[in-house]
Structure formats: structure tokens, C-alpha cells
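Trainee: Just to be clear, the model below is a prediction. Sequence and coordinates:
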Amino acid sequence: MRSSDIDTTGIEEAPEKVEFREGDKVNILVYKFTNLGATVIINDKYFGLVYENDIYKDITIGDQLDGYIKKIREDNKIDVSLRKIGYGRIEDAKEKILAKLKEKNGSLPLNDDSSPEKIKKSLEISKGSFKKAIGGLYKEQIIDITSKGIKLKK
């Protein structure tokens, strides 16, 4: 799919008033890529932007995804995240880690020393979210953290 295949008639770039707030879940359609990130169409009504550093998985033009309102700027432009905002992001990261641990027989070769790229490729989350999530899972006594990676406790 190409950007030219997507009908943008009536899509507002800097709306005066919107029906959502920061943190709200919205439907997004990936419209095009710029040097800043991905321009998306929010709820079939508004343009928004997902910054490059907020993209933790492969996306292509035409993808329909869940997004979260990150910020409504003073110029009325809308910043969007592919991940939940605030603590919800960490809960999502914990779920992804646990699912991947179960898929990989209870262990993953990832820990605090793993590169951001390796974490992003394996789990589609940032290193910061990974560290907070494994810290929480460790405190909840669900995992052990070793020099070789993380393991589900038996």
C-alpha cells in the first residue's frame, strides 16, 4: 500500500477540539513516514505523529493499530504512542516478557546489560520499559535475574 492509496479527505491536521485526552486509546492508520517518524490518521478524523523513538516494532503504510494519545501540543498537533502511557506501559511490558518466557521454556538471554536493539528486536519494547518490568517481576518473585538472562521461577 502507498500513502496515495489512502483517502485523507476531511482529515484535520491541527484540530481545535478533539474528543479524547492524553493517555486515551485510539485507532490509528499508518499514513506515511517522515524524518520524524510515522504520520498516522487517528480515529479516521485527525493526523497525528508517532515519533521514530516511539516505534518499537515494524510498521508499514496501511497498518491499522491501537495507539495512545501521548500529547496534544499547544499548536493542536497530536503526538501518539504505540504503547500505553505511564504505568500501563510497564504492565504491558511485563505481560510481553512473561509470554516470551513461556514461549522460550522459561528463560530469555536478556538482562540489564542487553543492548536496546536486542531488547527491541526480541520483545518490541524499549530498554527502559524492559528494566522497569523485570524489576517488577523480580520484586513479585516471578523471575530470577542472572548474568546470562532472566528465568521464570519454578
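Mentor: Thanks, I have the structure now.
Trainee: Summarise which helices and strands the lengthiest helix in the chain is packed against.
Mentor: Secondary structure of the chain per DSSP state H: the longest helix is helix 87-103. For helix 87-103, the packing partners by 3 or more Cβ pairs under 8 Å, 6 or more residues apart in numbering; DSSP states H and E come out as strand 107-108, helix 116-123, helix 127-139, strand 149-152. Every residue, glycine included, has its C-beta placed from N, CA and C.
Trainee: what is the mean pLDDT for the shortest one?
Mentor: Averaging pLDDT along strand 107-108 gives 94.
Trainee: That one - contacts with which helices or strands?
Mentor: Partner elements for strand 107-108 (3+ Cβ pairs under 8 Å, 6+ apart): helix 87-103, strand 149-152.
Trainee: Of these, give the one that comes closest to residue 75.
Mentor: helix 87-103 (25.4 Å; Cβ to Cβ).
Trainee: mind giving me a markdown table with the helices and strands packed on strand 107-108 and columns for mean pLDDT, distance to residue 53 and mean neighbour count?
Mentor: Converted to a markdown table, the helices and strands packed on strand 107-108 look like this (pLDDT from 0 to 100; distance: least, Cβ to Cβ, whole Å; neighbours: other Cβ atoms under 10 Å):
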| stretch | mean pLDDT | distance to residue 53 | mean neighbour count |
| --- | --- | --- | --- |
| helix 87-103 | 88 | 14 | 16 |
| strand 149-152 | 94 | 24 | 19 |
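Trainee: Based on its surroundings, how many neighbours for residue 46?
Mentor: 23 (other Cβ atoms under 10 Å).
Trainee: domain ranges for the chain?
Mentor: Following the assignment in automatic domain parsing, the chain carries domains at 3-81, 87-152.
Trainee: Could you tell me how far the shortest one lies from the centre of the chain?
Mentor: Shown here is domain 87-152, whose average C-alpha point lies 15 Å from the average C-alpha point of the whole chain (Cα atoms, centre = their mean, to the nearest Å).
Trainee: Kindly check the end-to-end length of it for me.
Mentor: This stretch, domain 87-152, spans 22 Å end to end (Cα to Cα, to the nearest Å).
Trainee: Lovely, talk soon.
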